[in-house]
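Participant: Predicted model follows, preceded by the sequence.
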Amino acid sequence: MEDHLADYLAINRANWDERAPAHAASPDYQLARYAADPAHLSDTVRFDQALLGDISGLRGVHLQCHIGTDTVSLARLGARMTGLDFSPASLAEARRVAALAGADVEFVLAEVYHAAEALPAGAFDLVYTGIGAVCWLPDIARWARVVAALLAPGGRLFIREGHPMLWALDADRGDGLLAVEYPYFERPEPIIEECPGTYVATEATFTHNTTHSWNHGLGEIVTALLRSGLRVTGLVEHDCVPWDALPGLMEPVGGGEWRLIDRPWRVPHSYTLQAVKLG
């Protein structure tokens with residue numbers, strides 16, 4: 001198992017290391033606005049605000065923080081934030097974003113399954129993880145145990161993610177139909193894909209284009225958290241998602257969000273889940 005994990009980590013890290021500078025340079029991430037506007041927040045965190053509530057003074061950690069725009073945005077809402085990621089190139093950009101924003105954010109290089117070894121265990125009031133994060137992890141139960149280890153008693157997990165039903169769909173058929181093509185439930189073997197591009201506007205070309213990912217059913221995620229000593233306090237499914245997840249079938253609806261053009265109520269696009277560590 002450890003050899004298998006080493007393989008997927010090396011493959012995915014190479015992919016993210018290569019894309020991080022392109023993401024930072026893309027207009028989609030709007031990095032200049034963090035310097036120009038002290039109140040600027042990422043679209044993702046702005047969407048999250050209503051459910052996040054007041055986080056001022058909380059000690060928070062953002063797992064799989066990538067280039068840190070959401071981490072910095074949470075700091076601007078008053079939390080004392082740490083960002084963690086396994087990609088050195090991503091963290092180099094994240095530190096630059098924090099400097100542009102004048103935000104006091106610590107960034108730590110570590111793979112997420114080892115977060116409780118790289119960071120003080122039981123020290124955080126808030127564990128935050130965002131869109132497109134847990135799909136890169138093979139074992140959701142192990143992730144839940146890490147979340148529990150990081151949280152102080154009474155501390156809260158906040159996750160907004162692409163919905164596992166959305167991840168299971170394939171729209172690349174040419175007939176405009178949605179087909180359930182990929183696993184909904186977690187499987188031992190990864191979904192291996194070759195994608196020469198990325199999810200932002202860029203003219204960059206890439207050579208590390210292989211990725212290994214896994215889907216995790218909503219019930220699997222909830223069960224993993226319950227078994228790790230957390231109590232689920234909220235679960236909201238949304239009819240929008242912050243990227244063009246099904247190209248050709250979605251339209252922008254504002255705030256960086258996208259929605260199916262045809263009867264979007266057929267499919268949950270993303271979800272927000274919150275859970276509290278029992279004391």
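Facilitator: On my side now, so go ahead.

Participant: ok, and what's touching the longest strand that the chain contains?
Facilitator: As assigned by DSSP state E, the longest strand anywhere in the chain is strand 151-162. Around strand 151-162, the neighbours that count as contacts under Cβ atoms under 8 Å, 6 or more residues apart in numbering are 44, 47-48, 51-52, 122-135, 147, 225, 230, 233, 241, 245, 269-279. (Glycine included, C-beta is placed from N, CA and C.)

Participant: Can you give the strand pairings for it, parallel or anti for each?
Facilitator: Strand 151-162 pairs in its sheet with strand 124-129 (parallel), strand 270-277 (antiparallel), by DSSP bridges.

Participant: what sits against Ile131?
Facilitator: By Cβ under 8 Å, 6+ apart, Ile131 lies in contact with Thr44, Arg160, Glu161, Gly162, Val241, Pro242, Trp243, Ser270.

Participant: Out of the residues you listed, which is nearest to Ala168?
Facilitator: Gly162 (10.4 Å; Cβ to Cβ).

Participant: Which residue, other than its chain neighbours, is closest to Leu52?
Facilitator: Among residues not flanking Leu52 along the chain, Phe158 sits closest, at 6.2 Å (Cβ to Cβ, 6 or more residues apart in numbering).

Participant: can you list the weak-confidence ranges in this protein?
Facilitator: Scanning the chain for pLDDT under 70 picks out the ranges 1-6, 196-203.

Participant: Tell me where it has helices.
Facilitator: Assigned by DSSP state H, the helices in the chain fall at 2-25, 31-36, 43-52, 69-76, 88-101, 115-118, 140-150, 164-167, 218-227.

Participant: Which residues does the third one contact?
Facilitator: Yep, that's helix 43-52 we're talking about. For helix 43-52, contacts defined as Cβ under 8 Å, 6+ apart pick out 41, 69-70, 73-74, 77, 130-131, 158, 160, 234, 236, 242, 255-257, 272, 274.

Participant: Next, the buried residues of stretch 259-272.
Facilitator: Using 16 or more other Cβ atoms under 10 Å as the test for burial, stretch 259-272 gives Arg259, Leu260, Pro264, Val267, Pro268, His269, Ser270, Tyr271, Thr272.

Participant: related to what we said a few turns ago, ok, the residue nearest to Leu52 - how many residues close by?
Facilitator: Residues near Phe158, counting by other Cβ atoms under 10 Å, number 22.

Participant: What of Asn209?
Facilitator: Other residues near Asn209 come to 16 when the count uses other Cβ under 10 Å.

Participant: just Ile55 next, same as before
Facilitator: Residues lying near Ile55 (other Cβ under 10 Å) number 22.

Participant: Without its sequence neighbours, what residue ends up closest to it?
Facilitator: Ala79 (4.5 Å).

Participant: cool, and Pro247?
Facilitator: Nearest residue to Pro247 in three dimensions, chain neighbours excluded: Ala171, at 7.2 Å (Cβ to Cβ, 6+ apart).

Participant: Correct me if wrong: that neighbour contacts Leu249.
Facilitator: Yes: counting by Cβ atoms under 8 Å, Leu249 is a contact partner of Ala171 at 5.1 Å.
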